[in-house]
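Trainee: Dropping a prediction and its sequence here:
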Amino acid sequence: QVQLVESGGGLVQAGGSLRLSCAASGRSFGGWTVGWFRQAPGKERDVVAAVSWSGSIAYYADSVKGRFTISRDNAKTTVYLQMNSLKSEDTAVYYCAAATRFGWAGNSINLYDSWGQGTQVTVSS
């Protein structure tokens, strides 16, 4: 497993934007799928978006399509989640995770084996 560190969460008004970052401590993400997930109080953890190692394949949950964009830098050391047009229902703890033993993991949460500690995103209406 690898240590992942998220940053960029906070409080924002509805309609605003935030950008989350996920870095793998001391290394690049290698050939891994990296995903962003979120968990609201009393709800299950759900996938938000995922990106392949090359960046050529991306998955988005229907609830965020057209508003969120996942990307990774050329050195494959950081994965970003740009969140625009935020809604109150986007309020949750956001986690990044890597699937270190598989190729494309997409929205298969069980394939992700390394997780960050999470960052809180709160959208006020």
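Mentor: Right, received. Where do you want to start?
Trainee: How far does stretch 57-68 sit from its chain's centre?
Mentor: Distance of stretch 57-68 from its chain centroid, counting by C-alpha atoms, centre = their mean, to the nearest Å, is 11 Å.
Trainee: Any buried residues in it, and which?
Mentor: Applying a neighbour-count criterion of 16 or more other C-beta atoms under 10 Å, one finds 59, 60, 61, 64, 68 buried in stretch 57-68. For glycine as for every other residue, the C-beta is placed from the backbone atoms N, C-alpha and C.
Trainee: Kindly reformat the residues you listed as TSV containing secondary structure and distance to residue 122.
Mentor: Formatted as TSV, the buried residues of stretch 57-68 follow (DSSP: H, G, I helix; E, B strand; the rest coil; distance: C-beta to C-beta, whole Å):
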residue	secondary structure	distance to residue 122
59	strand	25
60	strand	21
61	coil	19
64	coil	16
68	strand	16
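Trainee: nearest to residue 35, of the residues you listed?
Mentor: residue 59 (7.8 Å; C-beta to C-beta).
Trainee: How about the closest one, nearest residue that isn't a chain neighbour?
Mentor: residue 50 (4.5 Å; C-beta to C-beta, 6 or more residues apart in numbering).
Trainee: Tell me, how many residues neighbour the one you found?
Mentor: The tally of other residues near residue 50 (other C-beta atoms under 10 Å) stands at 28.
Trainee: which residues touch the spatially most central residue of the chain?
Mentor: Centre of the chain computed as the mean C-alpha position; nearest residue by C-alpha atoms, centre = their mean is residue 36, 2.0 Å away. Shown in contact with residue 36 (C-beta atoms under 8 Å, 6 or more residues apart in numbering): 20, 22, 47-50, 70, 79, 81, 94-97.
Trainee: Neighbour-wise, which one of those leads?
Mentor: Highest count within these by other C-beta under 10 Å belongs to residue 96, 32 neighbours.
Trainee: same for the helix or strand hosting that one, what does it pack against?
Mentor: Using DSSP states H and E, residue 96 maps to strand 92-99. Other helices and strands packing on strand 92-99, by 3 or more C-beta pairs under 8 Å, 6 or more residues apart in numbering; DSSP states H and E, are strand 4-7, strand 18-24, strand 33-39, strand 78-83, strand 114-115, strand 119-124.
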